[in-house]
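*Asks:* need a structure here:
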Amino acid sequence: MATKATGRHRADVEINILESFELRSRRSVLESETARQSRLARKQAKKLAKQLAVQRRQSQHSGVSNASGRYLVRAERKAKLRQHRGLKNVVTMSVAAGLMATFALPAYAYAPDVAAMSRFTTTDAQVLASAADTQNLTVAAVNTVLYARGNYESASASEIARQETLNAYRSYTGPTAADYVNNPPYSKLDGATILQVASKYVGTPYVFGGETPAGFDCSGFVAFVFSQFGLALPHSVHGENRLGILIKPEDAQPGDLVVFDDLSHDGIYAGNGNFYHAPRPGDFVKLAPIFTSNIHFVRLATK
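*Replies:* Model (predicted):
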């Protein structure tokens, strides 16, 4: 049978309960304070980490030391492809060279008209380089107005006429002055016959250095006319002037040479102040008045 608690016992029990409650309260307050300190420490740690990160980024650009006095060593960064200027230049030049080579391919093809003029039966560069007629390509190219595909150049009428004259001159196959000297068609050197021969070549185009009926210059015309009388004259105003006999103007006769005093030009005297001559580029052999007084007369004679 249980005994009833006395008053003192109840008092002890109440004291013990109060003590226990106080202990639990103290423990709760301590745990709360510990948790608060832990949160505060984590916040400070995060703040410090952020500050260190900012200092690290700044030191990578400026190279200054951090708060502790130590220099931060910046890690070596690998350069991106677009930052390699040398590599970019090499790639750009390679692409440009490839494009230029592609665009230049049509230029290595021989024009059909040039190949035809040069008597080529092939346009293979290796075959042409070893062929005997390779020189003909150079001559044909010089004498032809070339037009590249899609790239046209205008040519004046005078230039086209000059090219045609040169082509005709270079294709001349008739007798030369040397042929006539060896077998002259005329045996007697007289003024009337000389003028008759000279008049046959009126209208022949002027060609610098020309000495055939396909084209004459002044001294080439004189030499070709007199070659038909067996006289071998040099193709030079100076040389033709030396071979003749100087005569007075009042004694000049048709068939004599008209020589400019500065030895820049000569022709064949036709009488009455006129002479046959090959004037200048773009002109023709003609009978014309002597247009200057600075001249002298020279007479040629057979041996």
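*Asks:* how about low-confidence regions in the protein?
*Replies:* Applying pLDDT under 70 to the chain flags residues 1-18, 21, 61-85, 101-155, 302-303.
*Asks:* how about 80 then?
*Replies:* Where the chain drops to pLDDT under 80, the residues are 1-29, 59-155, 302-303.
*Asks:* ok, Phe208 touching Asp217?
*Replies:* Yes - with contact defined as CB atoms under 8 Å, Phe208 counts as touching Asp217 (5.6 Å). Quick note: C-beta positions are derived from backbone N, CA and C, even for glycine.
*Asks:* between the two, which one's more packed in?
*Replies:* Legend: neighbour count by other CB atoms under 10 Å for Phe208 and Asp217, higher for Asp217 (22 against 11).
*Asks:* okay, now the domains of the chain?
*Replies:* The chain breaks down by automatic domain parsing into domains covering 87-154, 177-299.
*Asks:* right, so these: which one is the most enclosed?
*Replies:* Most buried of the domains of the chain by mean neighbour count (mean count of other CB atoms under 10 Å) is domain 177-299; its value is a mean of 17.
*Asks:* how about His277, phi and psi?
*Replies:* phi -160, psi 160 (degrees, to the nearest 10).
*Asks:* sec struct for the closest residue to it other than its chain neighbours, please.
*Replies:* Closest residue to His277 apart from its sequence neighbours, by CB to CB, 6 or more residues apart in numbering: Gly267 at 3.0 Å. Classification of Gly267 using DSSP: H, G, I helix; E, B strand; the rest coil returns strand.
*Asks:* surely Gly267 touches Val258?
*Replies:* Yes - using CB under 8 Å, Gly267 is in contact with Val258, at 4.9 Å.
*Asks:* spell out which residues are contacts of both of these two.
*Replies:* Common neighbours of Gly267 and Val258, using CB atoms under 8 Å, 6 or more residues apart in numbering, are 275, 277.
*Asks:* hey, what's Val258 bridged with?
*Replies:* Beta-bridge partners recorded for Val258 (DSSP bridges): Gly267, Phe297.
*Asks:* tell me how far it lies from Tyr206.
*Replies:* Per CB to CB, to the nearest Å, Val258 is found 17 Å from Tyr206.
*Asks:* quick one: end-to-end length of stretch 205-219, please.
*Replies:* End-to-end distance for stretch 205-219: 14 Å, by CA to CA, to the nearest Å.
*Asks:* strands of the stretch 151-300 of the chain, residue ranges please.
*Replies:* 211-212, 215-216, 245-247, 257-260, 266-271, 274-277, 286-289, 295-299 (DSSP state E, counting those that start in this stretch).
*Asks:* could I get those as TSV with distance to Ser171?
*Replies:* Formatted as TSV, these follow (distance: least, CB to CB, whole Å):
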stretch	distance to Ser171
strand 211-212	11
strand 215-216	11
strand 245-247	38
strand 257-260	30
strand 266-271	27
strand 274-277	25
strand 286-289	24
strand 295-299	34
